[in-house]
Structure formats: C-alpha cells, structure tokens
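Asks: Quick check, what structure comes out for this input:
(one chain, ligands or ions: 1)
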Amino acid sequence: MEYKIFGKTGQKVSSIGMGTYYDPAFITARKLHLKGINKTNVDAVKSGIDNGINLIDTAELYGTEEVVRDAISDKEREKLFIATKAFPNHLKPSKLRKACLRSLEKLGTSYIDLYQIHFPSPFVPISETMKEMEKLVDDGKIRYIGISNFDLAKTKEAVSVMKKHEIVSTQMSYNLFDRDIEENGLLNYCKENGMAVLAYYPLAHGKLVNIKGTDSPMAKIIESHKGAKPVHVALNWLLSRGENVFPIPRASRSDHVIENSKFDSYTLSNEDLDLLKKITS
Ligand SMILES: NC(=O)c1ccc[n+]([C@@H]2O[C@H](COP(=O)([O-])OP(=O)(O)OC[C@H]3O[C@@H](n4cnc5c(N)ncnc54)[C@H](OP(=O)(O)O)[C@@H]3O)[C@@H](O)[C@H]2O)c1
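Replies: Numbers count the residues shown, from 1 in each chain. Next up is the predicted model:
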C-alpha cells in the first residue's frame with residue numbers, strides 16, 4: 001500500500017480509502033431501526049485495514065458509523081484516519097456539537113480524525129458552523145475539518161471564514177466519467193491551496209468496473225497490462241490526477257476491498273493516460 005500526506009495535516013494516509021455508503025434503502029431501514037449492521041460489511045472494512053487501508057469514510061447519514069466501530073474495535077486506533085460527516089440540518093453550532101458527540105458515541109472513539117460538512121446549508125451561515133468546528137478541534141473532539149459537495153465559490157467562502165484552523169480537504173464526485181472538478185477549477189484550487197480531495201463515486205457507482213467489449217480505451221489498457229482490472233485502471237487514473245487525490249471506493253465485501261487494495265500492482269503509462277482522455281460514459 002502506498003501512503004501520502006493528507007492535505008496540510010502532515011499525516012500520511014493510504015492512497016485509497018474505503019467508503020461506507022451502501023444505498024438509500026439501507027439508510028432508511030437504519031433510521032427506522034429496522035436493520036442492524038451486517039457482519040459482511042464489518043469484515044469488508046476489517047479486510048481493508050488488514051491490507052493497509054487506513055482511511056475510512058462514513059457519515060451520520062449513512063447509518064454505518066457502527067460498522068466502522070465494529071471494524072476498528074480490535075485495531076490500533078492511532079494508525080487509522082476516520083472521517084465522518086455532519087448532515088446539513090445539523091450545522092447550527094449547538095446541533096453540530098450534538099451531532100459530533102453522537103458520531104463519537106456511534107464510532108466508539110474519543111476523537112474523529114476528519115469531520116466534514118456533508119453538504120453546505122442554505123440556511124446557516126458557514127461562519128457560524130466553522131466557528132463551532134474550530135471549537136471542536138480545540139476541545140479535542142475532532143482533529144481536522146473538511147467539507148463536501150461545496151462548489152468552488154462556496155469552498156472559497158468557507159476557507160475565508162476560518163480563524164484558527166484550516167480546511168484540510170473536500171469530498172466530491174470524481175471519476176473517469178465525471179471530471180467536473182477538473183473543468184470547474186475546484187481541483188486546481190485544492191492543489192494550489194494544499195487541500196486533499198476525497199474522490200467519491202471513484203468507480204462511477206460501479207459503472208466503471210463493468211466495461212464490456214474489446215474496443216474501448218479501458219479494454220485496450222486491460223489488454224496491454226496482463227492481469228489488470230478495470231477497477232485498478234479507474235483508481236490509478238484518479239491517483240494520476242494529483243498527489244492530493246484520494247479515491248474512496250465503497251467497501252461492502254471483503255473480496256472487492258482486497259482487490260481494490262492491490263491497485264498499485266501496475267502503473268498507467270503515458271500512452272494509457274492518453275487513451276483514457278477518450279473514455280466517455
Ligand atoms: N460526500 C458525498 O456526498 C458522497 C456521496 C456518495 C458517496 N460518498 C462516499 O464515497 C464512497 C464511494 O461511493 P459509492 O459507493 O457510491 O460508489 P463507487 O465506489 O464508485 O462504486 C461502488 C460500486 O462499485 C462496486 N465495487 C467496488 N469495488 C469493486 C471491485 N473490486 N470489483 C467490482 N465491483 C466493485 C461496489 O460493489 P460492492 O459493494 O459489491 O463491492 C458498488 O456496486 C461511499 O461509500 C461514500 O463513503 C460520498
């Protein structure tokens with residue numbers, strides 16, 4: 001496993017992480033207390049950790065903080081980088097603190113490495129939320145502050161209201177089929193300002209692993225790297241886009257997670273990267 005510095009934290013984390021968003025039905029069932037957590041999902045995250053992945057992403061929304069809790073219960077906490085997210089209806093200071101304490105409880109840990117705002121709120125000024133985020137850092141509840149689904153203008157606004165601590169990362173949809181953050185300048189802004197980018201939907205929600213036919217750019221690359229898999233091409237392509245990019249493919253079953261952890265079994269050549277410019281959804 002390769003490790004690289006995560007934003008301005010100075011801390012090295014695995015080049016790929018693990019995501020724990022499953023699906024809307026799972027979220028609803030968890031909210032209604034109709035479903036517990038599932039051993040297969042817990043084992044998937046455990047396998048990732050055993051194979052060197054130390055960056056784990058969850059959110060209060062997903063109903064999977066307890067999956068992470070169970071997966072990390074027998075691991076060395078300080079070697080892990082646990083990221084969770086506050087939902088937009090919890091961005092007023094008192095609600096944010098309560099949401100953070102709830103997440104800590106569900107995660108079974110005394111601190112969150114990266115606390116992210118899941119989506120910007122149209123109702124709560126970002127300065128209010130960030131003031132409380134900074135207090136949470138000062139109180140030792142969270143180590144670093146992140147954002148997610150903030151466009152470039154909102155990212156700049158969030159950065160501008162920080163008083164004591166910096167925003168170390170954003171989390172955005174980014175994959176071979178969705179290059180919006182390259183086109184709208186957000187990726188460059190993050191590079192220039194030392195912010196990490198957690199790439200969600202790195203496999204285009206699964207579309208990138210099921211490429212059929214022999215004529216596509218992906219098929220040609222697979223042909224030239226014996227044993228390569230589309231999932232590895234998709235992850236390596238993201239990693240080639242910048243030192244600050246960290247793909248977080250979903251971890252719901254061990255075999256896939258173990259396969260994903262072997263993404264660095266080969267490197268994309270310049271020729272491959274040229275071919276991938278032509279890939280379309
Ligand atoms: N910030 C946000 O608003 C936001 C939004 C969405 C997602 N996220 C985060 O990003 C993470 C990833 O997004 P995602 O889960 O929606 O999409 P994804 O990782 O792009 O794709 C997930 C799909 O790929 C499959 N997959 C994973 N590894 C595979 C492999 N080696 N071979 C074949 N199939 C494989 C998964 O199947 P299996 O499950 O069967 O392995 C699943 O069907 C989430 O889990 C979440 O943490 C954040």
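Asks: residues contacting the closest residue to the ligand within the chain?
Replies: The nearest approach of the chain to the ligand comes at Gly19, 2.3 Å away (CB to the nearest ligand atom). Yep, even glycine has a C-beta here, placed from its N, CA and C like the rest. Neighbouring residues of Gly19 by CB atoms under 8 Å, 6 or more residues apart in numbering: 57, 200, 248-251.
Asks: could I get those residues as JSON lines with distance to Lys163, secondary structure and pLDDT?
Replies: As requested, the contacts of Gly19 are exported to JSON lines (distance: CB to CB, whole Å; DSSP: H, G, I helix; E, B strand; the rest coil; pLDDT from 0 to 100):
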{"residue": "Asp57", "distance to Lys163": "27", "secondary structure": "strand", "pLDDT": "98"}
{"residue": "Tyr200", "distance to Lys163": "28", "secondary structure": "strand", "pLDDT": "97"}
{"residue": "Ile248", "distance to Lys163": "29", "secondary structure": "coil", "pLDDT": "98"}
{"residue": "Pro249", "distance to Lys163": "35", "secondary structure": "coil", "pLDDT": "97"}
{"residue": "Arg250", "distance to Lys163": "35", "secondary structure": "strand", "pLDDT": "96"}
{"residue": "Ala251", "distance to Lys163": "36", "secondary structure": "coil", "pLDDT": "96"}
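Asks: From the residues you listed, list the ones also adjacent to the ligand.
Replies: Filtering the contacts of Gly19 for proximity to the ligand by CB under 6 Å from any ligand atom leaves 57, 200, 248-250.
Asks: Write out the residues of the stretch 151-281 of the chain neighbouring the ligand.
Replies: When proximity is defined as CB under 6 Å from any ligand atom, the stretch 151-281 of the chain approaches the ligand at 171, 200-206, 209, 231, 248-250, 252-253, 256, 259-260.
Asks: farthest-separated two in the contacts of Gly19?
Replies: Tyr200 and Ala251 (12.8 Å; CB to CB).
Asks: between those two, which one's more packed in?
Replies: Neighbour count, other CB atoms under 10 Å: between Tyr200 and Ala251, Ala251 has more, with 30 against 22.
Asks: show me where pLDDT drops low in the stretch 151-281 of the chain?
Replies: By pLDDT under 70, the low-scoring segments of the stretch 151-281 of the chain are 213, 280-281.
Asks: switch the cut-off to 90
Replies: Along the stretch 151-281 of the chain, segments meeting pLDDT under 90 span 206-230, 264-269, 271-281.
Asks: does Leu268 really touch Leu238, like I thought?
Replies: No. Look at Leu268 against Leu238 with CB atoms under 8 Å: they stay out of range, at 10.5 Å.
Asks: Mind checking which of these two has more residues around it?
Replies: More neighbours surround Leu238 than the other of Leu268 and Leu238, with 24 against 19 (other CB under 10 Å).
Asks: So what sits opposite the residue lying closest to that one once chain neighbours are set aside in the bridge?
Replies: Closest residue to Leu238 apart from its sequence neighbours, by CB to CB, 6 or more residues apart in numbering: Pro247 at 4.5 Å. Pro247 has these beta-bridge partners by DSSP bridges: Ala199.
Asks: does Pro247 really touch Arg241, like I thought?
Replies: No. Taking contacts as CB under 8 Å, Pro247 lies outside contact range of Arg241: 9.7 Å.
Asks: Touching both of those two, which residues are there?
Replies: Tyr174.
Asks: the more surrounded of those two?
Replies: Neighbour totals were compared for Pro247 and Arg241, and Pro247 leads with 27 against 18 (other CB under 10 Å).
Asks: quick one, what contacts the more buried one?
Replies: 16-17, 174, 199, 202, 234-235, 238-239 are the contacts of Pro247 under CB under 8 Å, 6+ apart.
Asks: In helices, which of those appear?
Replies: Members of those lying in helices (criterion: DSSP state H): 234-235, 238-239.
Asks: Let me know the distance separating Glu76 from Thr109.
Replies: 12 Å (CB to CB, to the nearest Å).
Asks: Please apply the same query to Leu186.
Replies: Taking CB to CB, one finds Leu186 at 30 Å from Thr109.
Asks: Look at the two and report which has more neighbours.
Replies: Leu186 (23 against 19).
Asks: so what's the more buried one closest to, chain neighbours aside?
Replies: Nearest non-adjacent residue to Leu186, counting by CB to CB, 6+ apart: Leu152, 4.8 Å away.
Asks: who touches the one you found in this structure?
Replies: Counting by CB under 8 Å, 6+ apart, Leu152 makes contact with 184-186, 189.
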